[in-house]
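# Need coordinates for the below:
(chains A, B and C)
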Amino acid sequence: MKHTFRQVFRSGKFVVGFSIFVAILLIVFIYPLIVPDPPLAIIAQGTFFEPGIYVNAYDSIGASKYTLNLEGAAAKRIASKLKAEDRLAMKDWLVAYGIAEADIDIENTEQLLDLWAKNYDSKAKVAGMTNAKRNYYVRLNTSLQGLLATEAAVIAAKNVETGALEEKGKIAQSEYVNVGQVANVRFLPLGTDNFGRDVLTELVAAARVSLQIGFVAGIIATLIGLTLGLLAGYIGGRVDDIIMFFTNLFTVIPSFVMLILISFSIGQEHRGAFTVAMVIGFTSWVWTTRAVRAQVISLRNRDHVNLSKLSGHSIVYIILNDILPYIASYVVMALILQISSGILAEAGLSILGLGPRTTDVPTLGLMMNWAMIYQAHILGKWWAYFPVLITIALITFSMNLMNTGLDQVFNPALRD
Amino acid sequence: MVKSKDVCLSGAGLTKVYGFGRTRTLAVDHVDFSFYEGEVVSIVGESGSGKTTLAKMLLGLTNVTEGEIYFQGEKRDISTQRKRREYWKNTQAIFQDPFSSYNIFNKIDTVLLDCINMRGGRGFSRERKFEMMTEACSFVNLKFEELTNKYPFELSGGQMQRLMIARVFLLKPKILLADEPTSMIDACSRATILDMLMQLRSEIGMTIIFITHDIGLAYYVSDSVYIMEHGKFVESGSADQVILHPKAAYTQRLINDVPKIYEEWDLSTV
Amino acid sequence: MDMGKTILEVNELTTRYITRFGESVYAVDHVSLKVEEGKSLGIAGESGCGKSTLALSLMGYYFPPLHYMSGAILIDGRNISGMNPDDVRKLILGKEIAYIPQAAMNALNPTQKVIRFIEDVIQVHDYGATKRDIYERARALFEKLGLPASVLEKYPVELSGGMKQRTVIAISVLLSPKVLIADEPSSALDVTSQKMVIKMFRQLMNDGLIGSLIFITHELPLLYNVTDDIMVMYAGQIVERANAKAAVFDPLHPYSKGLMGSIIVPEEGLRNVKLAAIPGVPPNLKNPPSGCRFAERCKYVTPECRVTTVNLREIEDGRTYRCIFSENELREAYQNG
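The predicted structure is shown next:
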């Protein structure tokens, strides 16, 4: 037994898969201890906030100010405010005015502003320009003037008695606050989703629920498959015929169709995560049964089984002592595959809207479903679905890798 | 060589059919035999002759399609687990491949303890059991102190097969079926195994049935020989009679095709 | 013994296996032998004594875990032991030395007709050969060896075990090798097919299709009937070499004595004769014992055996054995049991 473990952990593939899996498990269990927020709490007003650090604007006004004279700060500020369409419009005007197109680089904010300041004249007649367009350029010019302004921003508050605005303070362009000193800062590494929930917190909770679903489904499927396979394979005869009849019946009905029908008929209200796991487990035992049966049939005529019979052992004893240990490694591999396919099955079901009811817990599949319904993929809100995809892929990949590693250890023909 | 008159195991019209319809194959075809107590019998045949199927039927490991087996004059009844246990107290086997005869997850002690338990020794003290196992091992020239707590795969093929004999020594059955017991082990260890089997027979007076394809081995060890071809016995009789003066064409061919060292081996007959 | 032309000469060949844990197993330890043209040599011994490794080593084609250590292999005077593996494969294998490994008959590609395999084999050595020529060549050889030409157009699964084995042997002599090494070529076959295979080997030798034959098996009666000489190996070393008759009926080395004493054949007078048994198991070759390697299991062991290095001694006509006792001492010991 010890030897087997040592051999298993010498397999590179298994170790890589196992490390990824353990890392995922650790994150899933440790993250909620650090961030105890409820995963489904709606924190954002609005949909799909981008990933980033959110600093409370109100608190930052009150925070202590530090003056830092940093070069290029003004240019950066202007660059960040100057939208791409404005830059294009500026270029259009300049070209129409007679500046060579090759001289204009709209990415270079400083040069662009320089050219603009030198050449722009609101009265200049530019051929083919409508009045509306002309007015737009006037407005653009005004706002550019504002951008270039260097005065401090004034903070004003309403006087309670008179209702008039009174200056409370100024914020100069070179003043900074320390994020650490701002009372309210929220880091949203993966932004928010369509409901305004923190995607990362939700993802960790979803991974945990999906793993639970996978384990429950995998264990149910493996237990049913193992029991039926052992009975069919060892006892044979009529028992085998009956079990194989049902197994074949379940084989020819596509299990996913069955899964959809059962999930649908249970109804949204009664579909918790555990129910979905059970449904998946009860529809995916077929292959384990067939595989275990085939293994047992090849084992039951082995001499060591015959010898055990000759030693007067009962059927139960023989199955448990002379058959089960020989297929144990195989069953473990089947279990791993069943768990990973259970996770995938849940994802598939949920994308179709047949997953667990949406009010209790998130699952990886549900997150995909929500992202899809709110068109995250069309709107380019990658953070709502891409991390989910990666998580599903990592979990199943690590489990399949472990399985391949185990296969290489237990199947000498694949050893290199 | 002393042949007592008591029939130990006999069969009448014993038949085994596998499959049905077009795939129906007659593995064993209405064979009759009587094995006497204390006798060494060989059933010789090439692969596919049905000798292994016959052995399995005799052991009660596979169902008999037709015909009856008589054990010590009475019809054999192995319809329940209890009756099977009783029958297996009297009928034991040694299989061809020692490497697959052991459950690789069990220690050697388990194999021997099973035998003691089967002979009603479940309640014996630990010392008593240890003593019995030591005795059985020393009978086959193994040291139990060195084997205890070891797993079967730590032994060589010859040692494993000797341990099988130790098992039979503990069980003391009336009949031992040896299915090609020496075909997987080296010629030098073969002699040891055969010696031990013969010694065990004289010690506990059991009947040994060899199932083999090696006609030389059959001639060497047995009192009587049955030659099997396509599920039927084509010739039977005492070893000298069958091997030295074969009557059936099949027996003659079989003997002809085995390399000789004292006589000229006639290669022209194929 | 008439001195024919020496076709294979091996001098002090040593090869070893290197295990995954870096341990060395000296499976062939300073083996020297000579085989003359038209002669055959049988190699006998228990499993694990280095028979099959010797066969593999004789080809001069080494791949891990087997490694060449020292010594020379001369075929027709040409040393192949130091050659680069690619040259060995192209120039030596098949043409100079052909090797039939254990269970070779199961190595035929089940998805290809026999003739496709033959085309592959010939085209490696004779690039320009047309399919028509190859077919004619193969047909001629098969007919000469008593195999129906229809075998060429069959798939391996359509052939019986004996037929498959004979086909493999025929293919291995297509390029008329000077030395044919056959490792347990008949062990998995029933007696009748085995006899046909043996007959085929005899024909190969008589018709000069191969220069010499090295035949490896643990079935001594078979060796006695096939080869001129028998060499007994124990723990990677040669312990005795003699002509077949002397080796079987008058073995000198105690190990050979035990081996020959365990022969069982269905012949008059052999019934219930006490068989010789050799107790124990061969030594672990990771660290072989000093002195005589058989000492542990030998009936006639003396304290000296365990310390002195025992060399092969040669007595009349190329007969050799490895024991500290003289010929007469051994014979006397065997007389007294």
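
# For residue 33, report the pLDDT, please.
Defaulting to chain A. You'll see A:Leu33 listed with a pLDDT of 93.

# Not quite, go with chain C.
C:Leu33 is assigned a pLDDT of 90 by the prediction.

# Point out where the stretch 51-200 of chain C drops to low pLDDT.
Low-confidence regions of the stretch 51-200 of chain C, defined here as pLDDT under 70, do not occur.

# Let me see the contact set for the residue in it that chain A sits nearest to.
Nearest residue of the stretch 51-200 of chain C to chain A (CB to the nearest CB) works out as C:Pro64 at 12.0 Å. C-beta coordinates here come from the backbone N, C-alpha and C atoms, glycine included. C:Pro64 sits next to C:Ile18 when contact means CB atoms under 8 Å, 6 or more residues apart in numbering or on different chains.

# Make sure it is indeed in a strand.
No - if the criterion is DSSP: H, G, I helix; E, B strand; the rest coil, then C:Pro64 is coil and not within a strand.

# count of neighbours near the closest residue to B:Glu229 other than its chain neighbours?
Leaving aside its sequence neighbours, B:Glu229 sits nearest to B:Tyr250 (CB to CB, 6 or more residues apart in numbering or on different chains; 4.8 Å). Counted with other CB atoms under 10 Å in any protein chain shown, the neighbours of B:Tyr250 add up to 18.

# Off-centre distance for the helix or strand hosting C:Ala182?
For C:Ala182, the host element (DSSP states H and E) is strand C:179-183. In this view, strand C:179-183 has its centroid 6 Å away from the chain centroid, taken as CA atoms, centre = their mean, to the nearest Å.

# same thing with stretch C:73-86?
18 Å.

# Need the contact partners of it.
With contact meaning CB under 8 Å, 6+ apart, stretch C:73-86 is reached by C:7-11, C:13, C:57-58, C:60-63, C:68, C:71-72, C:88, C:91-92, C:96-97, C:178-179.

# same thing but 10 Å
Outside stretch C:73-86, the residues that touch it by CB atoms under 10 Å, 6 or more residues apart in numbering or on different chains are C:5-11, C:13, C:15, C:34-35, C:37, C:57-63, C:68, C:70-72, C:87-89, C:91-93, C:95-97, C:177-179, C:211.

# Filter these down to the ones in helices?
C:Ser57, C:Leu58, C:Asp87 (DSSP state H).

# from those residues, which is closest to chain B?
So of these, ranked by how close each gets to chain B (CB to the nearest CB), first place is C:Ser57, at 21.7 Å.

# Test my guess that that closest one contacts C:Val31.
Yes - proximity of C:Ser57 to C:Val31 meets the contact threshold set by CB atoms under 10 Å, at 8.1 Å.

# So those two - more neighbours on which side?
Neighbour count, other CB under 10 Å: between C:Ser57 and C:Val31, C:Ser57 has more, with 26 against 23.

# For the residue lying closest to the more buried one once chain neighbours are set aside, the count of nearby residues, please.
In this structure, C:Ser57 finds its nearest non-sequential neighbour in C:Thr15, 4.3 Å apart by CB to CB, 6+ apart. Counted with other CB under 10 Å, the neighbours of C:Thr15 add up to 25.

# separation between C:Thr15 and C:Leu174?
27 Å (CB to CB, to the nearest Å).

# Now do the spatially closest residue to A:His304 that is not a sequence neighbour, the pLDDT please.
Once flanking residues are discounted, A:His304 sits nearest to B:Asn103: 4.7 Å by CB to CB, 6+ apart. At B:Asn103, the model reports a pLDDT of 89.

# Go ahead and confirm B:Asn103 touches A:Tyr317.
No - using CB under 10 Å, B:Asn103 makes no contact with A:Tyr317, being 11.3 Å away.

# residues shared between the contacts of the two?
With CB under 10 Å, 6+ apart, B:Asn103 and A:Tyr317 have common neighbours A:Ser308.

# higher neighbour count, these two?
Ranked by neighbour count (other CB under 10 Å), B:Asn103 and A:Tyr317 place B:Asn103 first, with 23 against 12.

# Just give me the longest helix of the chain.
This is for chain A. Chain A, longest helix under DSSP H: helix A:199-235.

# Chain C, not that one
Chain C, longest helix under DSSP H: helix C:191-206.

# now, which of the contacts of stretch C:73-86 lie within strands?
C:6-11, C:13, C:15, C:34-35, C:68, C:70-72, C:97, C:179 (DSSP state E).

# Least confident secondary structure element in chain B?
Ranked by mean pLDDT, DSSP states H and E, the helix or strand of chain B with the weakest confidence is helix B:187-204, at a mean of 85.

# quick one on the thing from earlier: for the residue nearest to B:Glu229, pull up the helix or strand it's in.
Applying DSSP H and E, one finds B:Tyr250 within helix B:249-256.

# Restricted to buried residues, select the ones in strands among the contacts of stretch C:73-86 in ChimeraX.
In ChimeraX, a selection of the buried entries from the ones in strands among the contacts of stretch C:73-86 looks like this (16 or more other CB atoms under 10 Å in any protein chain shown):
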select /C:6,7,8,9,10,11,13,15,34,35,68,71,97,179
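
# for the ones in strands among the contacts of stretch C:73-86, which one is nearest chain B?
C:Val35 (21.8 Å).

# Show me which residues of the stretch 101-250 of chain B are close to chain C?
B:141, B:155-159, B:182, B:184-196, B:198, B:213-223, B:225, B:239-240, B:242-244, B:246 (CB under 10 Å from any CB of the partner chain).

# which of those count as buried?
Here, 16+ other CB under 10 Å leaves B:141, B:155-159, B:182, B:184-194, B:196, B:213-223, B:225, B:239, B:242-243, B:246 buried among these.

# In helices only, show me the residues you listed.
Short answer: these in helices (DSSP H) are B:157-159, B:187-194, B:196, B:215-221, B:239.

# can you pull up the bridge partners for C:Tyr234?
C:Tyr234 has these beta-bridge partners by DSSP bridges: C:Gln237.

# Report the contact partners of it.
C:Tyr234 sits next to C:44-46, C:49-50, C:240, C:253, C:255-256, C:259, C:282-283, C:292-294, C:297, C:322 when contact means CB under 10 Å, 6+ apart.

# and if you look at A:Leu379?
A:Thr47, A:Phe48, A:Asn194, A:Ala371.

# For it, give me phi and psi.
With angles defined as degrees, to the nearest 10, A:Leu379 sits at phi -80, psi -10.

# Show me chain A divided up by domain.
Chain A breaks down by automatic domain parsing into domains covering A:2-45+A:193-414, A:57-65+A:157-188, A:73-148.

# Going by mean pLDDT, which of those domains comes out lowest?
With a mean of 81, domain A:73-148 has the lowest mean pLDDT of the domains of chain A.

# chain center to that one: distance?
Relative to where its chain is centred, domain A:73-148 has its mean C-alpha point 42 Å off (CA atoms, centre = their mean).

# Next: stretch A:249-257.
30 Å.

# How about it, which residues are buried there?
A:Phe250, A:Ser255.

# go on, stretch C:206-222?
Those would be C:209-222, for stretch C:206-222 by 16+ other CB under 10 Å.

# between those residues, which is closest to chain B?
Distances from chain B to the buried residues of stretch C:206-222, taken as CB to the nearest CB, are shortest for C:Pro221 (4.0 Å).

# So the closest one sits against B:Ile261, correct?
Yes - because the distance of 5.3 Å satisfies CB under 10 Å, C:Pro221 is recorded as touching B:Ile261.

# Show me whatever sits in contact with both of these two.
Joint contacts of C:Pro221 and B:Ile261 (CB under 10 Å, 6+ apart) are C:Val248, C:Ile263, C:Val265, C:Glu267.
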